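[1] below are the sequence and a predicted model; questions follow.
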Amino acid sequence: EAQVTQNPRYLITVTGKKLTVTCSQNMNHEYMSWYRQDPGLGLRQIYYSMNVEVTDKGDVPEGYKVSRKEKRNFPLILESPSPNQTSLYFCASRSQGPTEAFFGQGTRLTVV
Amino acid sequence: AQSVTQPDIHITVSEGASLELRCNYSYGATPYLFWYVQSPGQGLQLLLKYFSGDTLVQGIKGFEAEFKRSQSSFNLRKPSVHWSDAAEYFCAVGEEDSNYQLIWGAGTKLIIKP
């Protein structure tokens, strides 16, 4: 089954404790991205990757890091989480060009 | 700057009534247009998309949308809503010049009255 898998689904952590949210896709998609969703703000892109070893900042990259060492994986790293990073996070993937994006189930992160 | 506007934050309709969710965009070139649905606790699922051709597109779950270039709109419609349609709906626009990066509207939450 074609899918994007995020882990964990829920995470509560404390300020400053490094964490990683994993994202994996099995569709051989070149393009992957991370979004955060906050009420009334829709989806805002954090980082994206057009292919292996190619990453770029989205609209709200501050406080986040990503890597793309393999085509299927695109982890999101919060080196020192802060309460304003409490949000719902989505990973998405798609082929190059004007194609449908496939989304993971989301990760609800709470930073206290 | 490119933008996507969904003017209605919430919409409440009675079960069985018709539905129209509005989406307006500002883009110079021909946009690629999408509607996604997010059910509670779920990820986003594609309802339908418009790339070219017939401006009235059919999607899943009985939804359709019409691209009107003169109005820069891509409104989503359904003739008769079901309680299971309660969800949040997002309009998104991509453009070739920006590698089809999607710009998202803020979403419209659909509430169904029994």
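    That came through fine.
[2] contacts only, for the most centrally placed residue in chain A.
    With distances taken as Cα atoms, centre = their mean, the residue of chain A nearest its centroid is A:W34 (3.0 Å). Each residue near A:W34 by Cβ atoms under 8 Å, 6 or more residues apart in numbering or on different chains is listed here: A:23, A:45-48, A:58, A:64, A:66, A:74, A:76, A:89-92. For every residue, glycine as well, the C-beta is placed using N, CA and C.
[3] any idea whether it is helix, strand or coil?
    Here A:W34 is strand, with the state taken from DSSP: H, G, I helix; E, B strand; the rest coil.
[4] separation between it and chain B?
    13 Å (Cβ to the nearest Cβ, to the nearest Å).
[5] tell me the helix or strand right after the biggest strand by length in chain A.
    Secondary structure of chain A per DSSP state E: the longest strand is strand A:42-51. Remark: after strand A:42-51, the chain's next helix or strand is strand A:54-57, criterion DSSP states H and E.
[6] any weak-confidence spans in chain B?
    By pLDDT under 70, the low-scoring segments of chain B are B:1, B:28.
[7] repeat the analysis, applying 90 as the threshold.
    Scanning chain B for pLDDT under 90 picks out B:1-3, B:26-31, B:40-43, B:51-54, B:94-103, B:114.
[8] do chain A as well
    Applying pLDDT under 90 to chain A flags the ranges A:1-2, A:39-42, A:96-100.
[9] what residues does it put near chain B?
    Proximity of chain A to chain B (Cβ under 8 Å from any Cβ of the partner chain) is limited to residues A:4, A:40-45, A:48, A:50, A:90, A:92, A:97-101, A:103-106.
[10] cutoff 6 Å now
    Applying Cβ under 6 Å from any Cβ of the partner chain, we find that chain A lies next to chain B at A:G40, A:G42, A:L43, A:P98, A:E100, A:F103, A:G104, A:Q105, A:G106.
[11] okay if I get these as a markdown table plus neighbour count and distance to B:Y36?
    What follows is the residues of chain A next to chain B, written out as a markdown table (neighbours: other Cβ atoms under 10 Å in any protein chain shown; distance: Cβ to Cβ, whole Å):
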| residue | neighbour count | distance to B:Y36 |
| --- | --- | --- |
| A:G40 | 7 | 17 |
| A:G42 | 19 | 11 |
| A:L43 | 26 | 9 |
| A:P98 | 18 | 15 |
| A:E100 | 13 | 9 |
| A:F103 | 24 | 8 |
| A:G104 | 25 | 13 |
| A:Q105 | 16 | 14 |
| A:G106 | 20 | 13 |
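[12] noted, bye for now.
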